[in-house]
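Peer 1: Structure of the sequence below:
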Amino acid sequence: MSRIGRVFMFVTASVVSGLALAFIIVAWRPQLLRVQPTAPPAVQPSPPRGPYPAVTSVEKSSAPAATDAAAPAVLFPGHDAWSYADAVQRAAPAVVNISSSWTVTERVQPNGFEAFFGDLAPRYLNRTEHSLGSGVIVDTEGHIATNNHVVENADKVRVQLADHRVAVARVVGRDPDSDLALLKIDLDHLPIMPFGHSDQLRVGDVVLAIGNALGLSQTVTHGIVSATGRGQLGLATFENFIQTDAAINLGNSGGALINTRGELVGINTAIAAKTSGAEGIGFAIPVNMVRGVIHDLISHGKVVRGWIGIVPEDFSDDQAISLGLAHGGVVVVDFYPDSPGQAAGLHRGDILTFCDGASVKSSQDLLAHIASSRPGATIKVTGLRGHATFEGTIPVRQRPPEPLKESAP
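Peer 2: The predicted model follows:
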């Protein structure tokens with residue numbers, strides 16, 4: 001064999017031996033064939049989703065970029081910054097359960113034998129009905145704010161505090177026009193609800209509802225302010241409701257709507273009927289209105305409101321244009337007996353556009369402005385009568401308990 005042949009055989013044998021050895025090594029340690037990945041770049045976790053307060057942004061500076069160890073921490077749900085426990089702890093002790101009871105007398109329908117002998121005396125049956133609600137302790141003297149409809153027909157009102165103490169309450173006064181009532185209990189060392197300011201609420205603010213929902217005491221739900229200034233819902237004479245999607249259930253009436261500082265911003269009052277397909281629509285009386293009603297009920301046992309004896313309705317710009325008028329407003333459609341407004345010269349069909357220099361936006365706003373005026377004062381109105389402008393000054397009287405309208409001629 002030539003020298004070249006021997007070299008070729010040597011190289012071939014070496015390659016075959018190397019491949020065999022490599023095959024054995026790979027079979028024994030297969031992980032040696034895997035490529036080790038490089039470390040991925042550090043990624044800042046996303047802020048948590050959900051109704052949590054936004055993370056405050058950090059202002060950038062001209063300093064060199066910080067290392068990973070100096071990166072700002074991101075807070076997640078469960079951290080104290082995202083909890084409303086402090087607000088609940090501050091407000092919940094002042095929210096009470098209210099149980100009302102009253103007696104209903106019903107005539108018993110005669111059976112067939114009694115109906116045959118029609119001269120038998122009628123029989124009556126008494127039964128006791130109960131309702132559940134909530135309330136808010138507003139001062140150290142034991143006054144409790146709640147809804148009028150919670151205690152309207154009650155013969156007996158029983159109050160249970162968050163600390164499980166129980167007391168029988170007396171009704172200090174009721175105001176059906178705002179659906180508010182004031183109770184009083186005689187207990188010491190009472191927790192007091194801190195008051196906030198409902199006029200500072202903004203749509204989107206987080207609020208919490210606390211009450212005796214479905215008989216489950218101290219139930220807390222949370223949502224946002226969906227709207228403010230809701231009126232013309234047919235729930236009360238004077239309506240200026242806070243609308244919220246915080247869950248409000250039967251038994252929540254009279255309970256607290258609080259902000260994230262644990263301050264009262266409203267008294268929960270009603271929910272939209274679920275039979276209409278509504279979901280997450282509740283209403284609360286703003287605390288600024290509650291303040292005034294409480295003051296009057298404590299001072300006078302009733303709410304003193306101004307009154308000029310008119311029945312207004314909204315009159316839109318479109319309706320005005322169809323009649324050839326410049327703009328809409330509020331139209332006077334009727335008068336109550338002995339109406340100061342009628343005596344001062346108002347007519348049915350008058351369109352009121354300004355009251356005390358402020359534009360009249362709706363009949364609800366007009367009634368609220370008049371009601372806020374003290375009896376003995378006067379209000380100045382501007383309006384349209386046909387195509388002519390008129391002005392008038394109307395004396396304000398105290399609103400009667402239940403004024404009755406005249407029939408229109």
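
Peer 1: Who is residue 169 paired with across the strands?
Peer 2: Beta-bridge pairing of residue 169 under DSSP bridges involves residue 157.

Peer 1: my read: it touches residue 185, true?
Peer 2: Yes: Residue 169 is within contact range of residue 185, at 4.9 Å (criterion: Cβ atoms under 8 Å). C-beta here means a position set from N, CA and C on the backbone, and glycine is covered the same way.

Peer 1: More neighbours: those two, which one.
Peer 2: For residue 169 versus residue 185, neighbours defined as other Cβ atoms under 10 Å are more numerous around residue 169 (25 against 22).

Peer 1: can you give me the helices for this structure?
Peer 2: 3-28, 85-91, 112-116, 148-151, 287-300, 317-322, 340-343, 363-372 (DSSP state H).

Peer 1: list residues touching both of residue 169 and residue 185?
Peer 2: Listed contacts common to residue 169 and residue 185 are 144, 159; contacts here mean Cβ atoms under 8 Å, 6 or more residues apart in numbering.

Peer 1: if we can go back for a sec, least reliable of the helices of the chain going by mean pLDDT?
Peer 2: Looking at the helices of the chain, the lowest mean pLDDT belongs to helix 112-116 (a mean of 59).

Peer 1: Tell me which residues touch the spatially closest residue to residue 339 that is not a sequence neighbour, please.
Peer 2: In this structure, residue 339 finds its nearest non-sequential neighbour in residue 309, 2.9 Å apart by Cβ to Cβ, 6 or more residues apart in numbering. Counting by Cβ under 8 Å, 6+ apart, residue 309 touches 335-342, 397, 403.

Peer 1: which one of these is nearest residue 237?
Peer 2: Residue 237 has its nearest neighbour among the contacts of residue 309 in residue 403, at 10.4 Å by Cβ to Cβ.

Peer 1: What is the burial count for residue 359?
Peer 2: Neighbourhood size, residue 359 [other Cβ under 10 Å]: 10.

Peer 1: Give me the distance between the residue lying closest to it once chain neighbours are set aside and residue 385.
Peer 2: In this structure, residue 359 finds its nearest non-sequential neighbour in residue 353, 7.0 Å apart by Cβ to Cβ, 6+ apart. Residue 353 sits 11 Å away from residue 385, going by Cβ to Cβ, to the nearest Å.

Peer 1: Neighbour count for these two, which is higher?
Peer 2: Legend: neighbour count by other Cβ under 10 Å for residue 353 and residue 385, higher for residue 353 (19 against 14).

Peer 1: my guess is the more buried one contacts residue 360, does it?
Peer 2: Yes: in this structure residue 353 lies within contact range of residue 360 using Cβ under 8 Å: 5.8 Å.

Peer 1: residues shared between the contacts of these two?
Peer 2: Joint contacts of residue 353 and residue 360 (Cβ under 8 Å, 6+ apart) are 329-330.

Peer 1: helices and strands of the protein: which one has the lowest mean pLDDT?
Peer 2: Least confident helix or strand, the chain: helix 112-116 with a mean of 59, by mean pLDDT, DSSP states H and E.

Peer 1: partners of residue 209 in the sheet?
Peer 2: residue 221, residue 257.

Peer 1: Quick check: it vs residue 360, distance?
Peer 2: 33 Å.

Peer 1: Tell me which of these two has more neighbours.
Peer 2: residue 209 (26 against 23).

Peer 1: In this structure that one contacts residue 247, no?
Peer 2: Yes: taking Cβ under 8 Å as the definition, residue 209 is a contact partner of residue 247 at 6.8 Å.

Peer 1: Can you check which residues contact both of the two?
Peer 2: With Cβ under 8 Å, 6+ apart as the test, residue 209 and residue 247 both reach 221, 223, 282.

Peer 1: If I follow the layout properly, the first one ends up in contact with residue 246?
Peer 2: It stands for residue 221. Yes: because the distance of 4.9 Å satisfies Cβ under 8 Å, residue 221 is recorded as touching residue 246.

Peer 1: if I look at the two, which residues touch both of them?
Peer 2: Shared contacts of residue 221 and residue 246 (Cβ under 8 Å, 6+ apart): 208-209.

Peer 1: More neighbours: which of these two?
Peer 2: When neighbours are counted by other Cβ under 10 Å, residue 246 comes out ahead of the other of residue 221 and residue 246, with 23 against 19.

Peer 1: how far away is the more buried one from residue 328?
Peer 2: When residue 246 is compared with residue 328 (using Cβ to Cβ), they lie 35 Å apart.

Peer 1: ok, now how distant is residue 217 from residue 256?
Peer 2: From residue 217 to residue 256 the distance is 13 Å (Cβ to Cβ).
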